Each structure stands twice: as structure tokens, then as C-alpha cells.
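# Please work out how this folds:
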Amino acid sequence: MTATTLLTTTDIARIVAVHGLPAVLSRMVDYLEADYRRWQAFEKTPRLASHSPVGVIELMPICDDREYSFKYVNGHPGNPAKGLSTVVAFGVLADVATGYPAVVSELTLTTAIRTAATSVMAARLLARAESKVMALVGNGAQSEFQANAFHHLLGIEEVRLFDVDPAATEKLAANLALSAPALRVVRCAGAAEAAAGADIVTTATADKTNATIISADMIAPGMHLNAVGGDCPGKTELEAAVLERASVFVEFEPQSRIEGELQQMPSGFQVCELWRVLAGEAAGRRDAAEVTLFDSVGFALEDYASLRLMRDYARELGMGRDAGLIPDMADPKNLFGYMTATAAAPGSKAA
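Here you go, the predicted structure:
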């Protein structure tokens with residue numbers, strides 16, 4: 001029998017508890033970089049999105065010649081008012097040779113980790129090496145992961161916080177006091193105050209709207225912008241003039257032109273896919289005064305890498321259980337016989 005390993009939110013939380021978040025983030029960066037360097041080996045497509053007035057539900061597939069993965073993910077900014085998360089996700093990693101799913105995993109926690117790790121992967125290539133101060137505008141569910149990743153992996157010493165909801169900022173500050181006690185936390189009254197003096201500006205807001213969270217007058221020479229929140233059509237965080245001033249890097253250009261900050265720009269606006277920098281085909285940051293922007297919308301390759309990582313962690317720790325998705329048949333052609341025999345077996349509800 002070929003079992004499908006099920007990994008739950010409890011399993012992922014245990015992996016982080018055993019290894020520590022900084023180590024998991026660091027290993028995630030390693031897996032991301034390894035897969036981005038194999039960019040040409042993957043069959044890629046923009047994600048399939050179903051939009052409604054209140055949110056979006058998306059499927060994100062990708063494969064190489066060995067493994068196929070997809071992620072189901074939503075984005076519903078109004079959910080917290082209902083006591084629900086804005087984003088939830090799960091994913092599958094399957095064997096291309098047989099089509100059998102090898103892993104079914106939660107991806108809500110894992111996506112938060114991989115998004116922060118992707119931000120760090122980009123910042124290592126694009127931000128100034130001496131960066132010590134980061135502004136974090138949008139203090140919701142993703143913010144702790146971004147702050148910890150930049151502090152533990154990139155050496156950020158001060159984080160300047162702003163959110164339109166003061167309770168979100170207090171939540172973030174309290175969590176950082178436990179997870180990153182050496183990180184200086186500065187509460188700010190607005191995005192402009194947060195960005196002032198920052199080496200890196202990260203935006204991670206949730207509202208599905210064409211917003212101007214960061215305007216061109218907030219940009220200083222040498223700044224790196226990490227735009228995380230603009231991840232669907234009609235949702236942006238940066239003034240178009242910010243993109244005009246910056247060298248812009250993206251994950252998968254066909255998807256970013258639909259969903260990212262890039263949706264504001266004409267079709268001929270020049271960008272660079274990040275894999276080219278990792279592969280040595282293009283330059284990252286060219287000088288200390290250059291303004292760089294990572295227009296991060298999230299791409300299926302990152303979920304592929306995440307599923308590989310969590311599968312490997314689970315194997316190392318002896319975690320996960322059979323999801324019970326695949327029938328164990330002596331005769332693989334006799335699906336009907338399996339169904340009737342299973343229903344009649346002792347202990348079944350039909351017996």
C-alpha cells in the first residue's frame with residue numbers, strides 16, 4: 001500500500017517547537033533557494049483565482065518531472081470580524097510517476113513561514129548588507145513571521161510598527177517580546193513615521209483595495225521595499241511612483257502583472273524575476289543608493305519547497321499519520337469489491 005502522510009497544524013507547530021522558528025526559517029530559505037535555482041525544470045502557471053465581493057479562493061499548481069504540488073488558499077479580509085482567519089490553506093505533494101498523493105499538509109502556518117523566508121531570500125540579494133532598521137506596516141497574522149525572519153536571519157535590530165488597528169500592533173509587540181526579546185520595537189503613529197529612517201520597509205496589509213500605504217515621498221536612497229500585501233487584482237499598497245523610482249523584482253512575471261503592485265504599471269514596465277539573480281544571470285542591488293523593490297505575491301514554487309521541507313521534517317521526527325485517502329486493494333481494478341467488502345467489515349458503521 002502507498003500511504004498518504006497527513007500533516008496537521010499540530011504537527012507543524014511541533015516541528016517549530018522542536019527545532020525553533022529561526023532554524024525552521026533558515027532551512028526554509030535553503031529549500032527555496034535550491035528550487036528557485038532549478039527554475040527551468042518546473043512547469044509554471046499563474047494561480048487560478050475565483051473572486052467574490054468579499055474575498056478570493058485560489059489554486060496554485062506547479063510540477064517538475066518528479067513531483068507535483070498544489071495549494072488551496074483563500075484571502076478574506078473581513079474574516080477576523082467573524083472570528084475567522086483572513087487566510088487559511090492546505091496543500092498536496094504528489095508523485096508524478098504514479099499520480100499518488102504522498103503528503104497532504106496544512107499550509108496556513110507553513111505559508112506564513114515560507115512567505116517570511118521568501119522575503120529574507122530576496123532581501124539578502126536586494127537590501128544593503130548593513131541594514132539594521134525595518135518598518136513593518138500591517139501588523140496582522142504575517143507580521144510576527146516577517147519580524148522574526150528579518151531579525152534572526154538578516155540582523156535587523158529595530159522594527160518600527162504601524163497598523164490602523166492599534167490592537168494588532170500591541171499583539172505583535174507582545175509576541176515579539178517573547179520570540180525576539182533583543183529586537184527593539186518602536187510603535188509609530190503612521191506609515192510615514194514608520195518608514196522614516198528605515199533601511200527596509202515591509203508592507204503586509206490585508207484590505208482588498210487599491211491603497212497607497214507607501215508613497216514616493218517616503219522613499220530614501222538605498223531603501224529596500226518588501227511589498228507582501230498586494231496579492232490579488234484590485235489590491236495594492238504602493239503608489240505607482242514608488243515602482244517608477246525602484247528596481248523591481250518579482251517571483252513569476254505573468255502572475256505578478258495580474259496580482260502584484262505591478263498591476264498598476266504599463267505592460268512594458270521592466271522587472272526582473274528573482275530566480276535570475278539567484279542563478280547569476282542578473283544583478284541584484286547594484287549600489288548603496290539604489291532603491292530596490294520585491295513585489296511579492298506568493299508563487300506556487302514556494303509552496304512546493306515548503307511541502308518538501310515539512311515532509312522531510314516529518315520523516316526525521318517520525319511524525320504524521322496515514323490520511324486514509326487511497327484504498328488498499330489486492331486487485332487495483334476491483335474498486336467496487338473493495339467498497340462493498342470494506343462496508344461489510346467488522347467495526348464498520350454498515351456492518
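
# Is it correct that Ser15 is in contact with Met319?
No Ser there; residue 15 is Ile. Yes. The pair Ile15 / Met319 is scored as a contact, 7.3 Å apart, by Cβ atoms under 8 Å. Quick note: C-beta positions are derived from backbone N, CA and C, even for glycine.

# which residues do those two both contact?
Between them, Ile15 and Met319 share these contacting residues under Cβ atoms under 8 Å, 6 or more residues apart in numbering: Tyr313.

# partners of the worst-scoring helix or strand of the chain on mean pLDDT in the sheet?
Within the chain, judged by mean pLDDT, DSSP states H and E, the helix or strand with the poorest mean is strand 210-214; its value is a mean of 90. As defined by DSSP bridges, the strand partners of strand 210-214 come to strand 236-238 (parallel).

# quick one: buried residues of the helix or strand following the partner strand?
Sequence order places helix 240-245 as the next helix or strand after strand 236-238, per DSSP states H and E. Within helix 240-245, the residues that qualify as buried by neighbour count (16 or more other Cβ atoms under 10 Å) are 240, 242-243, 245.

# could you dump those to a markdown table with distance to Ala177 and pLDDT?
Shown next, in a markdown table, are these (distance: Cβ to Cβ, whole Å; pLDDT from 0 to 100):
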| residue | distance to Ala177 | pLDDT |
| --- | --- | --- |
| Ala240 | 37 | 96 |
| Val242 | 32 | 97 |
| Leu243 | 35 | 98 |
| Arg245 | 35 | 97 |
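
# Sort out which one of the residues you listed lies nearest Ala41 for me.
Minimum separation from Ala41 among these (Cβ to Cβ) is found for Leu243, which lies at 30.1 Å.

# Gln40 versus the nearest residue to Arg38 once chain neighbours are set aside, what's the distance?
When the adjacent residues along the chain are set aside, Arg38 lies closest to Asp64, with 7.2 Å between them (Cβ to Cβ, 6 or more residues apart in numbering). Here Asp64 is placed at a distance of 10 Å from Gln40 (Cβ to Cβ, to the nearest Å).

# related to what we said a few turns ago, would you agree the residue nearest to Arg38 is in contact with Ala41?
Yes. The pair Asp64 and Ala41 qualifies as a contact (Cβ under 8 Å) at a distance of 4.7 Å.

# Between these two, which is the more surrounded one?
Under the neighbour definition other Cβ atoms under 10 Å, Asp64 and Ala41 were set side by side, and Asp64 has more, 16 against 11.

# got the contact list for Ala122?
By Cβ under 8 Å, 6+ apart, the contact set of Ala122 is 226, 249, 274, 294, 296.

# no no, Val164
With Cβ under 8 Å, 6+ apart, Val164 has no contacts at all.

# Which stretches in the stretch 51-200 of the chain count as strands?
Along the stretch 51-200 of the chain, the stretches classed as strands by DSSP state E, counting those that start in this stretch are 55-63, 67-75, 89-95, 101-106, 133-137, 158-162, 184-187, 200-203.

# starting at the chain centroid, how far to the last one?
In other words, strand 200-203. Relative to the mean C-alpha coordinate of its chain, strand 200-203 is positioned 15 Å out (Cα atoms, centre = their mean, to the nearest Å).

# do the same with the fourth one
Remark: strand 101-106 is offset 18 Å from the chain centroid, using Cα atoms, centre = their mean.

# before we move on, back to that, so which of Ile15 and Met319 has more stuff around it?
Just comparing Ile15 and Met319: by other Cβ under 10 Å the higher neighbour count belongs to Ile15, 22 against 18.

# Remind me which helix or strand Tyr313 belongs to.
Under DSSP H and E, the secondary-structure element containing Tyr313 is helix 300-317.

# tell me what the very next helix or strand once past that helix is packed against?
Moving toward the C-terminus from helix 300-317, the first helix or strand encountered (DSSP H and E) is strand 321-322. Counting contacts by 3 or more Cβ pairs under 8 Å, 6 or more residues apart in numbering; DSSP states H and E, strand 321-322 packs against strand 5-7.

# and for the strand it packs on, what are the contacting residues?
By Cβ under 8 Å, 6+ apart, the surrounding residues in contact with strand 5-7 are 102-106, 310-311, 314, 319-323.

# which of these count as buried?
Neighbour-count burial (16+ other Cβ under 10 Å) is assigned, among the contacts of strand 5-7, to 102-106, 310-311, 314, 319-320, 323.

# one step back: tell me the one of the buried residues of helix 240-245 nearest Ala34?
Taking Cβ to Cβ as the measure, Ala34 sits nearest to Leu243 out of the buried residues of helix 240-245, at 29.5 Å.

# My read is that the closest one contacts Gln264, right?
Yes. Using Cβ under 8 Å, Leu243 is in contact with Gln264, at 6.9 Å.

# Report how many residues lie close to the residue nearest to Gly337 when sequence neighbours are not counted.
Once flanking residues are discounted, Gly337 sits nearest to Asp331: 7.0 Å by Cβ to Cβ, 6+ apart. Residue neighbour count, defined by other Cβ under 10 Å, stands at 8 for Asp331.

# now swap in Gly298 and tell me
26.
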